[in-house]
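**Student:** sharing a model prediction with you, sequence too.
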Amino acid sequence: MNRILFIEDNKTKIEDIKSFLEEKYKDVNLSVKESFTSGLRELFTNDYDIVFLDMSLPTREGSQNNSLNSFEQLGGHKILSEMKRKELFLPTIVITMFRDFGVGQSFMDLNEIDDMCKDEFKTFYKGVVYYSSREDSWKDKLNNYLIELI
Amino acid sequence: MKRAKIVEDLFRSKKFYSTLLDIKLLGYETASKKIKQALGHPNTKKILYHNKSKPKSFNELRNTKHLSNTGNLEGELAWFINSLKKYSNEINVFLDYEKEFEKLVLFDKFDKAKELVNEVNEKICYSYWALENLFSIEEKLNGTESNWSLLKEINSNIEIRYSLFFSSNFSKKAENSTTLLQYKRELDNILKGLDKKDIEYILFKLAYFYTNDYSEYSYFLHSENLSSIIDKYLLLIDILFELANVDKYKQLVKNVLKEIDSYGIKDYRLDRISEFCGFKELDNFDKQIIDIFDIYSIGDYENSLKLSSKLIREKANAIELYEIYIKSLLELDKPFEKTNISTTIDFVLENLFSIFIRDNEYYTSRENLLKFYLRFPKISFFKQVLSLVSNLTGIESVKNIINRSTFIYSFNSNPSLLTLKTSISTVNFDKTLLNKHISLKINYAISINDFTLFKEGEIPKVKLELYKLRANYYNHKDESMSSIIEFYRNSYLNNFNYEEVLFYLYNAYLTENKVTEAMTVFVDAYFKNKYFVERLKKSSLLSFIVDKNYKIDNISIDLPIYFYFEDANSYYQYTSLEVYLDSISLSKPSEINHVEFEDTEKLIFLFKNICTVNVLNNFYLIFDSDASVIEERKKILRVLAVLDKKNSDSYFEEIATLSQKLKIKEIIETVNDGKINLNFTRIKEDKEYNLENSFNRFIKFKDFSDLNEMSLLDNSELVVSYLSELKQDTSKLQQASFVSFKSLFFEIVDYFLFSKEHGLDGDLSTRIRHGVLENQLRSVFINKNLIATKNKDNEYNNVYYWENLCKEKSYPELIIGKLQNALKDFSKTIDEYILYIINDYVQIQSNRHSQKKYGLFNYRFTDEILWIIYKEVTESINNYDEFLNFTFDFLRAHTETLLKGITGKFKKSLNDNFQEALQNLEDVIAKDLYLKDEVNSEINQNIYSTKTLIQNELYNISEWFKISNNLDNSILDIQTIIDTAIESINLNVNDIKPKVVVDSEHFFEAGFFYIDIFKILIENAIKHSGLSIEDLDIVIDAKTHVLYIKKENKEIPISKLIIKVSNNLSSEIDFNILNNKLETLVNSWSTELSTVNKEGGSGFQKIKRILKYDIKSLESDLTFKMNGTELEFSLEVVHNIKV
């Protein structure tokens, strides 16, 4: 049984990925954490085989609004950095709905983020999947990664 | 004589301009040759030496047409050079004027300088050189208002948009009060959205050092073709120097120099470029200057000081003399001494001195000198000043072009060029001079890293060692690490020498990958003098440590402090802090034993600046909630209040804010789904974005322009129209003060909307637009199987649910296909509409960002509205804070109005459109498919329920469009205020535990001031009670009432706060004496207003002062009563309600 941790806050996306896995990969156990901190906590306290990661995440569960520091624009990148720092080299796939990301005073598009992650986390970062609820091409892309991993 | 082929071609060609243009596509030498030949055609002459090469007025500048740009540097350069050939005499005359002009400016003779510029205009031609200098001189001579008068005069005489744009900028940057940051922001706003080449060109012309990544030289040359010969020549020199720094252009530079030489142009800068490139020997040393270098080199600093001061009077352009003068002062450990040669020269010297010695005026001095350069950027002396400042402060660290420009804009050869030998072409010079000039020998020894040339005692030992280190650095060697360390520890080094050694040591450690040592050197240097690390900042140490996964030796507190200095984001600050804590076996910062910590200064720094909420938020394994993060920060703040007593008030203020934030968060989270943040507080706190100077300038400018009936065009509009080469555009001249106001107002609005840090657009993007909204809306239809998804060919799939159901019911294929087509059409309609909502509606438009013309967040204001705001600001706003508050209040109110409209739109018209789409689907199915069984019934049922569901979903989404953070940081509730006051007192007096009774969750604006009031009241209770803390019972009772007063026929709510602080009294005190004393104090409350505005006085007077000036209460009253052994103070405060 493969254990996958999915760090993601969007319910529709979670449901779609769940359905996709249920359909294609019966032997998978998907756990979901909906924030940057709860995701990291889970990642470093329990055992997983694969990580699915959103790039932009709320800092804490339920903290979309009014939190002290509510949103991590590049939370996924920070999680990857933390995995590298603590040498937890789990194969990781970024699944995002964003085409571009605000970084300080500038913007990076999805390809640039992908290149940056490939460069920094080459041993365990597998790639990025652009998810959209109106398309299903993401399924093929995700499947291509999973075929190699499961 | 036979005509050249190119001339034949030109005569024959039906496309004359195109044939001529082709020449510019060739390599330099061929193009240059062909251009000369092409002059055989009369039209070539007309274009090359266009009739505005020597304009006779400012209005004639660039008032002509030219060939298109080819983008080919060599061809453009050939055209440019050849266009100057005819004017070599005029250029030589100008060069003499230019030298004289420089001298006049340096000797404060601005009136004569102005005459000289006018003479150049008359005798040679008008130019942007003249225009720029005239504004700067006018500002120097008669101040800003005269500068504006000149602008008015110039603008009324010119029509060319390019000239209007540049004159307005020349005027602005010449203004005394314009800061570098302010001007940079101004340019950033103007340049936003322009092409890279246009941005580079404008910066190259107006603010050269704001970037150091120029590459569009061919475009610069092309753009400048229309300008006067003076402007063209000066640009040519600047570009040649840029090219001289790039190896691949060396030959091109050589060819150009040769050609200019053949024209007979005599310019010292051309010689310097030749020396710099190694095309000629360094043979133009100034003997007098070199002699002083020699005197300085042997350590005779008294004489070098005296002689350099004297020689500056004669050779005021020689920046190297200024350097010797300052270094001599430093070696002699003397404070700055004026030379009294001229105000300008002493101004330059004094500011350079501050930078050399790294005193507290360091940043101001850097600003002063760079600003001087910005005013007179064409004067060689100020180009050298820019270069020196850059070298000393590290403003340029990538290309090093600015750092080297001192060699080019100097009248004489500079021996220091020898030290660059290793990185540029070989520099040649007469070696026999080495025996005559020790200073030359030093530079030579550094360049070859050989000091055996020196006899024992020939130069001071310290200097010799320093030169060896310098040689090591320039030659990229590192074997002298031990001597650097020895030097570093030398206490007798002055700040200038110390900084230099520090620079070498830091770099040597980096070269040897001694990361911890480098970091410690950096951090220690910062704590010694924060200006020491200015040149060290741009290092790669941080990424090196991250790449090594923090596996470095001897981890210390310096690690997180270094990361902080390197502007690491909160995550990297966290990692460095965590690694450090881990190295001392701790899990959170509050566990650090601050009592025994050996370096309190560093610990305070760490606690104060690094252990912040943002950084602590990352300790995901330690803190599982906002509350636990805040509790940790509060613990740290309490320790800080003990360690750093003089700043304890600010720590308690932060404690109060944090407590408050948590409370507000809890309250709001239960009632508000809003996703819209208004970050006014953060914008106000953003020092990088302080617009106070711009506001003050606007106020002054308004008075002036109104009085003088001045009119202007907005700079952003001007630049667009000149780049489009429009002679006229539709923009109209407007009252200058109104234009200036609009520019300031738009800057704030755009910062509020689009700043990546605090902007509203960021919230809309991350919280609404990106996927969230789409998923929410689509899920309604998906759950009812009404829409399909697209496959990889971008075509809609079948909706399998109905396909399978229809097949189960044995529907004909035709019907199944029709149903699927209807659903696909419906899917397309819904998807397109959702995308339209996201891409067009949930967008922002402002006056300067008008692309999203259907954006519901419409911050485009008409001139009529802006005029009303302008009138309000100019008539009733007195200072910058009031202006910001007014603007933010306006933006808040406008945003609330917009949000109401958006909420309504989601509930009504968006809903109507979804309902219509659903109705269409229902109609199609009913009309075309004739399904009359349970499939039909189920689809219809799903459509009906979706009509309700989408309505509900839109209602829920509409709730996102609310402001989620309506309270800012200065607003505190009464419980937090009292708790913080008690906590603050308990820092010094342990365990005061008053009984606190409060009646409401009332919030107070400027709540921090109430903390002080409660502190004073509680401290008074302690002071007058005559009891020990253990026996003292204090009761604090705070109640608020809302009252209504009539004002201009309106009922205005006001708030009345009644604070009662009572305590028991010792039976041993003399009640009569106490009563009399308190009566006197309380009576003076209402009568002695004169003492209120002074510092000092009794605690009650302080309360009165706070109420009057800080809280701005409407009225207040203080009473007391003594009842047996009980004393009660009652304070009533009436103030406006804002919250």
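**Tutor:** Arrived safely, thanks for sending.
**Student:** need the nearest residue in space to the residue of chain A found nearest chain B, chain neighbours excluded.
**Tutor:** Residue nearest to chain B within chain A: A:Met97 (2.9 Å; C-beta to the nearest C-beta). C-beta: built from backbone N, CA, C; applies to glycine. In space, and not counting its chain neighbours, A:Met97 is closest to B:Gly771: 2.9 Å by C-beta to C-beta, 6 or more residues apart in numbering or on different chains.
**Student:** burial measure for that neighbour, as a count.
**Tutor:** Neighbours of B:Gly771 under the rule other C-beta atoms under 10 Å in any protein chain shown: 22.
**Student:** any idea how far A:Phe36 is from it?
**Tutor:** As judged by C-beta to C-beta, to the nearest Å, B:Gly771 and A:Phe36 stand 17 Å apart.
**Student:** B:Tyr249 against B:Leu240, yeah?
**Tutor:** No - using C-beta atoms under 8 Å, B:Tyr249 is not in contact with B:Leu240, being 9.1 Å away.
**Student:** neighbour count winner among those two?
**Tutor:** Between B:Tyr249 and B:Leu240, counted using other C-beta under 10 Å, B:Leu240 has the larger neighbour count: 24 against 20.
**Student:** ok, the residue of chain B most remote from its centre to chain A distance?
**Tutor:** The C-alpha centroid of chain B is most remote from B:Ser810, which lies 69.6 Å away (C-alpha atoms, centre = their mean). Distance of B:Ser810 to chain A, given as C-beta to the nearest C-beta, to the nearest Å: 26 Å.
**Student:** ok, now B:Ser964?
**Tutor:** Computed as C-beta to the nearest C-beta, the B:Ser964 to chain A distance reads 5 Å.
**Student:** what's the answer for B:Leu349, then?
**Tutor:** For B:Leu349, the distance to chain A equals 37 Å [C-beta to the nearest C-beta].
**Student:** secondary structure element for that residue, which one?
**Tutor:** If you go by DSSP states H and E, B:Leu349 is part of helix B:343-357.
**Student:** run through who's touching that helix.
**Tutor:** B:105-108, B:312, B:316, B:322-323, B:325-327, B:329-330, B:336, B:338-340, B:361-362, B:364-366, B:368-369, B:372, B:385, B:388-389, B:392-393, B:494-496 (C-beta atoms under 8 Å, 6 or more residues apart in numbering or on different chains).
**Student:** which among the residues you listed end up buried?
**Tutor:** Neighbour-count burial (16 or more other C-beta atoms under 10 Å in any protein chain shown) applied to the contacts of helix B:343-357 gives B:105-108, B:312, B:316, B:322-323, B:325-327, B:329-330, B:336, B:339, B:361-362, B:365-366, B:368-369, B:372, B:385, B:388-389, B:392-393, B:495-496.
**Student:** ramachandran angles for the residue farthest from the centre of chain B?
**Tutor:** Note on B:Ser810: its backbone torsions stand at phi 60, psi 40 [degrees, to the nearest 10].
**Student:** with B:Leu1027 instead?
**Tutor:** Torsion angles, degrees, to the nearest 10, at B:Leu1027: phi -110, psi 160.
**Student:** which ones are touching it?
**Tutor:** Residues counted as contacts of B:Leu1027 (C-beta under 8 Å, 6+ apart) are B:1064-1066.
**Student:** state the distance from it to chain A.
**Tutor:** According to C-beta to the nearest C-beta, B:Leu1027 and chain A sit 41 Å apart.
**Student:** quick one: what helix or strand has residue 89 in it?
**Tutor:** Picking chain A for this. Going by DSSP H and E, A:Phe89 is not part of any helix or strand.
**Student:** wait, chain B
**Tutor:** Under the assignment here (DSSP H and E), B:Asn89 is part of helix B:88-106.
**Student:** contact partners of the following helix or strand past that helix?
**Tutor:** Per DSSP H and E, the first helix or strand lying C-terminal to helix B:88-106 is helix B:110-123. Here helix B:110-123 makes contact (C-beta under 8 Å, 6+ apart) with B:93-94, B:97, B:100-101, B:104-105, B:127, B:129-130, B:133-134, B:137-138, B:140-141, B:230.
**Student:** quick check on these: which are buried?
**Tutor:** Neighbour counting over the contacts of helix B:110-123 (16+ other C-beta under 10 Å) leaves B:94, B:97, B:101, B:104-105, B:127, B:129-130, B:133-134, B:137-138, B:140, B:230 as the buried ones.
**Student:** hmm, back to that, can you redo the contacts of B:Leu1027 as TSV with neighbour count?
**Tutor:** Below are these laid out as TSV (neighbours: other C-beta atoms under 10 Å in any protein chain shown):
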residue	neighbour count
B:Asn1064	18
B:Leu1065	20
B:Ser1066	13
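**Student:** so which of these sit within strands?
**Tutor:** Counting by DSSP state E, these place B:Asn1064 in strands.
**Student:** give me the neighbour count for B:Leu1017.
**Tutor:** Counted with other C-beta under 10 Å, residues neighbouring B:Leu1017 total 24.
**Student:** could you measure it against chain A, distance?
**Tutor:** Separation of B:Leu1017 from chain A (C-beta to the nearest C-beta) stands at 31 Å.
**Student:** how about the secondary structure of the spatially closest residue to that residue that is not a sequence neighbour?
**Tutor:** By the measure of C-beta to C-beta, 6+ apart, the closest residue to B:Leu1017 outside its immediate chain neighbours is B:Val1061, 4.4 Å from it. Using DSSP: H, G, I helix; E, B strand; the rest coil, the structure places B:Val1061 in strand.
**Student:** separation between the spatially most central residue of chain A and A:Asp47?
**Tutor:** Nearest residue to the geometric centre of chain A (C-alpha atoms, centre = their mean): A:Leu53, 0.6 Å. Here A:Leu53 is placed at a distance of 17 Å from A:Asp47 (C-beta to C-beta).
**Student:** do B:Phe1009 as well
**Tutor:** Taking C-beta to C-beta, one finds B:Phe1009 at 54 Å from A:Asp47.
**Student:** which one's more surrounded, the two?
**Tutor:** B:Phe1009 (20 against 8).
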